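Peer 1: Coordinates only, no sequence provided:
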């Protein structure tokens with residue numbers, strides 16, 4: 001248990017960039033699919049489905065490349081990570097852009 005607690009910062013340092021990359025890939029795929037479907041699908045549902053697919057594909061590919069045996073709790077963790085990626089893809093970029101706009105307006109008013 002002690003070794004697990006000591007490895008949490010290392011795991012967090014690895015997971016955050018992975019979520020960022022998966023989020024960018026998800027955003028790109030969703031934008032392309034939105035153009036192909038002419039907006040017939042709800043964007044949030046499309047983003048969630050793409051995020052889950054991209055995350056699970058990346059997870060299984062990483063396990064295959066590293067030669068790690070897949071267990072049920074690893075798949076559950078990948079699904080949870082997929083939810084994080086979907087949330088970040090749906091709301092993260094918009095909030096980031098909104099924050100930058102607010103910072104710019106504060107700088108202009110100062």
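Peer 2: Happy to help now that I have it. Remember, predicted model here, so these are calculated numbers, not experimental data. Residues are numbered from 1 along each chain as shown.
Peer 1: from here on, contacts and neighbour counts on C-alpha atoms
Peer 2: OK.
Peer 1: ok, for the residue nearest the centre of the chain, nearest residue in space, not its chain neighbours?
Peer 2: Closest residue to the average C-alpha location of the chain: residue 85 at 2.2 Å, with Cα atoms, centre = their mean. If the residues on either side of it in the chain are set aside, residue 85 comes closest to residue 23, at 5.4 Å by Cα to Cα, 6 or more residues apart in numbering.
Peer 1: give the contact list for the residue nearest to the centre of the chain.
Peer 2: Residues near residue 85 by Cα atoms under 8 Å, 6 or more residues apart in numbering: 19, 20, 22, 23, 51, 52, 55.
Peer 1: Need the buried ones from those selected in PyMOL.
Peer 2: The PyMOL command for the buried members of these (criterion: 16 or more other Cα atoms under 10 Å) is given here:
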select buried, resi 19+22+23+51+52+55
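Peer 1: Please list the members of the contacts of residue 85 that lie in helices.
Peer 2: Cross-referencing the contacts of residue 85 against helices under DSSP state H gives 19, 20, 22, 23, 51, 52, 55.
Peer 1: hang on, isn't the last one packed against residue 21?
Peer 2: No: the pair residue 55 and residue 21 does not pass the contact test of Cα atoms under 8 Å, sitting 10.1 Å apart.
Peer 1: where along the chain do the helices fall?
Peer 2: Under DSSP H, the chain gives helices at 2-6, 8-37, 43-66, 72-87, 93-109.
Peer 1: Can you give the distance of stretch 54-68 from its chain's centre?
Peer 2: 15 Å (Cα atoms, centre = their mean, to the nearest Å).
Peer 1: do the same with stretch 63-74
Peer 2: With Cα atoms, centre = their mean, you get 19 Å for stretch 63-74.
Peer 1: picking that back up, which of the ones in helices among the contacts of residue 85 sit farthest apart?
Peer 2: Pairwise distances across those (Cα to Cα) peak at 14.1 Å, for the pair 20 and 52.
Peer 1: and the closest residue to residue 41 other than its chain neighbours, how many neighbours does it have?
Peer 2: For residue 41, ignoring the flanking residues on the chain, the nearest one in space by Cα to Cα, 6+ apart is residue 34 at 7.7 Å. For residue 34, the neighbour count with other Cα atoms under 10 Å is 17.
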